[in-house]
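Visitor: Structure here, sequence nowhere to be found:
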């Protein structure tokens, strides 16, 4: 085990992604350590990872020329977590629609969707690993 304060020199790029479960929420399909050797349960766990990855925001390489100023405002407001907290507090019923609109704007202005590419690469790597 490595302490947080120790530096590790790795020869390749690594992305660390953590999902925190709170309020007694369990990992999907994993109840015991023995479940980690069951391929069907690992598949469910992997699907949860993909669902969480698809919720990520990727910023950079945007082209704002094809969207309205209102959509631009929505895009930049949507990048701020406090905006979503306030929307949940004030307009709980419209948050889902606004998130959907925000995702559509994100997709429209991105030259390429890095999150989808990343998810596809994860699926490919998972398939490689699970078949061995």
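Guide: Ah, there it is. Quick caveat: nothing in here was measured; it's all calculated off a predicted structure.

Visitor: For the residue nearest to residue 53 when sequence neighbours are not counted, what is the enclosing helix or strand?
Guide: Distances taken as C-beta to C-beta, 6 or more residues apart in numbering put residue 119 closest to residue 53, at 5.3 Å, once the chain neighbours are dropped. Just so you know, the C-beta spots here come from the backbone N, C-alpha and C atoms, and that holds for glycine as well. Following DSSP states H and E, one finds residue 119 within helix 114-130.

Visitor: domains of this protein?
Guide: As given by automatic domain parsing, the domain ranges for the chain are 1-57+116-132, 59-112.

Visitor: low pLDDT regions in this structure?
Guide: Across the chain, residues meeting the criterion (pLDDT under 70) sit at 1-13, 23-28, 57, 59-60, 111-112.

Visitor: Report the central residue of it.
Guide: Nearest to the geometric centre of the chain sits residue 53, at 2.6 Å (C-alpha atoms, centre = their mean).

Visitor: Let me see the contact set for it.
Guide: By C-beta atoms under 8 Å, 6 or more residues apart in numbering, the contact set of residue 53 is 17, 115, 118-119, 122.

Visitor: what's the closest of those to residue 33?
Guide: Using C-beta to C-beta, residue 17 is the member of the contacts of residue 53 that lies nearest residue 33, at 21.3 Å.

Visitor: what about that closest one, how many neighbours?
Guide: Residue 17 is flanked by 9 other residues according to other C-beta atoms under 10 Å.
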